[in-house]
Structures are given as C-alpha cells and as structure tokens.
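I'd like to go over a predicted model; first the sequence, then the structure.
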Amino acid sequence: MITKQLVCVTVTLVWVASSAPAQETDPLQQQLQQLKQQYTDTTRELELRITTLEHQIEERKVINAKTQEGTVSTVELAAQEAARKAGPGQSNQVGATFQGQLPSETDIRLPERGRSKGREAAGRSEQL
C-alpha cells in the first residue's frame, strides 16, 4: 500500500508541479493579450484621426481654390462693369483727347456774336 500511496503522491506532485508554470504564464499571457489589444485599438484610433485630418486639409484646399477663383472673378467682373459703364467714347478722361487742340474760328466768333447781340439788346433797352 505504501507503494500505491507513494505512486499517488508522486503523480499528484508531478501534476501540481506541471500545472504551476501554466498558472504563472496565464497572467503573462493575459498581459500580452491586453497589450496587443491596446496596440490594435490605439493604431485604429490614430489611423482614424490621420484620415480625418487629411480630409480636412483637402477640404480646405478646395475651399481656398474656390475662394481664389471667386476673388479673381469678382475683380474681373468689376473691371468689366467699369468698362461697360464707360462705354466706347464715353470716358471721363477727355483731357488726353482734347489736349493741345486749338480752338477753331467758329469757337472764337461765337462769343463775339453773343457780345454784339448783347449790345443790340442793351441799345434797344436804352431806346425804350
């Protein structure tokens, strides 16, 4: 019976000894799995943030391009409107057109006629 008990005790000891390292590795295995899960979660979160920022940058580039196109269009529109208002031959800058021209004889005679008419009218009023 002692041999039978000795065999049972030995088997029990071997079984306990073999299960002891397995119990030690369980917490290590759990820590390893937790770290792997944290790594995966963090990687996903960072990839999502990177993607979001890339989309925001692209949207801003598109908005800036449209704004610049709109600004150019506004400037062009203002220039076209000013040209339309001025029209051909309706420029307010007439000095360059008439600068250096001498008055014609007709221009000189007109004031004289006015003066003579004024004198005639004055003479008539005196006669009355």
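Sure thing, it's come through.

Let me see the mean pLDDT of the host helix or strand of Val62.
For Val62, the host element (DSSP states H and E) is helix 2-86. The pLDDT scores in helix 2-86 average 83.

elements contacting it?
With contacts defined as 3 or more C-beta pairs under 8 Å, 6 or more residues apart in numbering; DSSP states H and E, helix 2-86 has no packing partner among the helices and strands. The way it works is simple: take the backbone N, C-alpha and C, and place the C-beta from them, glycine included.

From here on, call the first residue 20.
From this message on, residue numbering opens at 20, which makes the last subject helix 21-105.

roughly how far apart are Val33 and Lys23?
Noted for Val33: a distance of 16 Å to Lys23, by C-beta to C-beta, to the nearest Å.

again, but for His74
As for His74, its distance to Lys23 is 75 Å (criterion: C-beta to C-beta).

try Leu54
Applying C-beta to C-beta, the value for Leu54 to Lys23 is 48 Å.

got it, and Thr61?
Using C-beta to C-beta, which is the criterion applied here, Thr61 is 57 Å from Lys23.

burial count for Lys104?
By the criterion of other C-beta atoms under 10 Å, Lys104 has 8 neighbours.

meant to ask about Glu66
One way to gauge burial is a neighbour count; for Glu66, by other C-beta under 10 Å, it gives 10.

now do Thr62
Using other C-beta under 10 Å, Thr62 is surrounded by 10 other residues.
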